[in-house]
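take this sequence and fold it.
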Amino acid sequence: MRERLTRSGDVELWTQAIGDAGSPALLLNAGDCQSSMDWPEPLVHRLAEAGHLVIRYDYRDTGRSTHRDFAAAPYNFDDLARDAVAVLDGWEVDRAHALGFGMGSAVTQLLALDHRDRLTAMTLLGSCAMDVDFFGNWERALTGEPTLDGLPTPKRWFIELAFNPSDISEIDFYRRLSGDELPFDETELRQRLARARAHAVAEEPVEEHPHGSIRQDWTTRAGDLAGITTPALVIEAPLDPIHPPPHARHLAEVLPDARLVTIPGMGHYLGTAIHQPLTDAVTAHTLANQEARR
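As a prediction, this is how the structure comes out:
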């Protein structure tokens with residue numbers, strides 16, 4: 001494993017590469033409010049052993065990247081996409097495959113829209129399409145108002161707990177995100193959370209993370225989705241409480257070159273039980289598109 005700091009404008013981003021430098025690069029864009037350590041260590045190493053140079057990084061205001069007061073130095077998802085490009089530049093990677101989870105899938109879609117020359121292929125997991133009024137649907141989940149597009153809102157229990165995190169323990173919250181069909185590896189989760197705390201800036205108040213303040217209306221880019229040329233793999237998680245089915249299917253349908261794969265029993269959680277099927281799906285997609293590019 002190799003580490004380095006990469007500059008993006010006036011911030012520094014902590015980055016790490018795992019795997020053979022000669023293998024195709026796979027950029028990991030993490031979920032909301034999370035540093036690079038939210039990617040489970042066993043999954044990261046599976047992806048590297050499957051033939052990738054895995055690159056993960058701390059978003060600004062997470063982990064060991066630059067931390068600043070959000071009100072004094074605001075940013076949006078477009079800035080996060082530019083940060084991802086800076087990470088590739090820092091590792092001298094011209095083109096990469098990208099795997100985005102949750103918020104990281106939104107960042108990945110923006111990469112495909114505005115920096116398509118840097119992507120060979122992308123995998124989108126735990127996300128909705130950029131023609132969905134995601135933030136507005138949080139409010140609709142509480143009021144019962146129907147969505148504008150006919151797609152489901154996040155589950156009400158998730159919204160209530162997101163606004164009142166003290167109502168449930170951290171472990172139990174992840175347990176609920178995982179769903180009730182697959183085994184829940186509490187030991188792995190505790191190890192992951194401990195790694196994230198050890199990696200973070202001392203006394204970082206995770207519950208006050210500024211990413212929660214970003215409210216970019218990405219639906220303005222809805223008309224651009226049909227012009228995306230990056231081959232996409234969309235992973236459907238049937239028990240995802242944040243983007244319930246058929247959000248993944250809708251995302252695959254609005255992208256011109258996309259394939260949908262379902263991982264049975266999966267929720268909005270990167271648990272041990274899905275590491276191998278996720279690695280297999282991602283690897284098949286990256287290898288096929290690597291050969292196609294050659």
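
for Thr15, which non-adjacent residue is closest in space?
What sits nearest to Thr15 in space, not counting adjacent residues and going by CB to CB, 6 or more residues apart in numbering, is Tyr57, at 4.1 Å. Any C-beta I mention is one placed from the backbone N, CA and C, and that applies to glycine too.

check the one you found and give its pLDDT.
Looking at Tyr57, its pLDDT is 98.

could you verify my assumption that it touches Ser36?
Yes. Look at Tyr57 against Ser36 with CB atoms under 8 Å: they come within range, at 5.5 Å.

when these two are compared, which one has more neighbours?
The neighbour comparison of Tyr57 against Ser36 (other CB atoms under 10 Å) goes to Tyr57, with 31 against 25.

could you measure from that one over to Gly136?
Look at Tyr57 and Gly136: by CB to CB, to the nearest Å, they are 30 Å apart.

then Pro241?
Distance from Pro241 to Gly136, by CB to CB: 18 Å.

more neighbours: those two, which one.
Pro241 (21 against 16).

need the three-state assignment for Leu287.
Secondary structure assignment for Leu287 (DSSP: H, G, I helix; E, B strand; the rest coil): helix.

so who does it touch?
Gly51 (CB atoms under 8 Å, 6 or more residues apart in numbering).

try it again at 10 Å.
Contacts here follow CB atoms under 10 Å, 6 or more residues apart in numbering; on that basis Leu287 touches 24, 50-52, 97, 121.

so can I have JSON lines of these showing distance to Leu80 and neighbour count?
Below are the contacts of Leu287 laid out as JSON lines (distance: CB to CB, whole Å; neighbours: other CB atoms under 10 Å):
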{"residue": "Pro24", "distance to Leu80": "23", "neighbour count": "20"}
{"residue": "Ala50", "distance to Leu80": "26", "neighbour count": "19"}
{"residue": "Gly51", "distance to Leu80": "27", "neighbour count": "15"}
{"residue": "His52", "distance to Leu80": "22", "neighbour count": "28"}
{"residue": "His97", "distance to Leu80": "18", "neighbour count": "26"}
{"residue": "Ala121", "distance to Leu80": "20", "neighbour count": "26"}
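
let me know the closest of those to Glu181.
Ala50 (25.0 Å; CB to CB).

what is the burial count for Phe184?
18.

isn't it right up against Tyr269?
Yes. Assessed by CB atoms under 10 Å, Phe184 is found in contact with Tyr269 at 8.5 Å.

so what sits against both of those two?
Residues touching both Phe184 and Tyr269 (CB under 10 Å, 6+ apart): 174-176, 178.

out of those residues, which one sits closest to Ala84?
Comparing the shared contacts of Phe184 and Tyr269 against Ala84 with CB to CB places Tyr174 closest, at 25.2 Å.

am I right that the closest one falls within a helix?
Yes. Membership of Tyr174 in a helix is supported by three-state DSSP.

that one reaches Tyr269, doesn't it?
Yes. Counting by CB under 10 Å, Tyr174 does reach Tyr269; the two are 6.0 Å apart.

so for those two, which residue has more residues nearby?
Neighbour count, other CB under 10 Å: between Tyr174 and Tyr269, Tyr269 has more, with 25 against 20.

check contacts around the closest residue in space to the more buried one that isn't next to it in sequence.
Distances taken as CB to CB, 6+ apart put Ser178 closest to Tyr269, at 4.0 Å, once the chain neighbours are dropped. Going by CB under 10 Å, 6+ apart, Ser178 touches 184-185, 189, 237, 239, 241, 265-271, 273-274.
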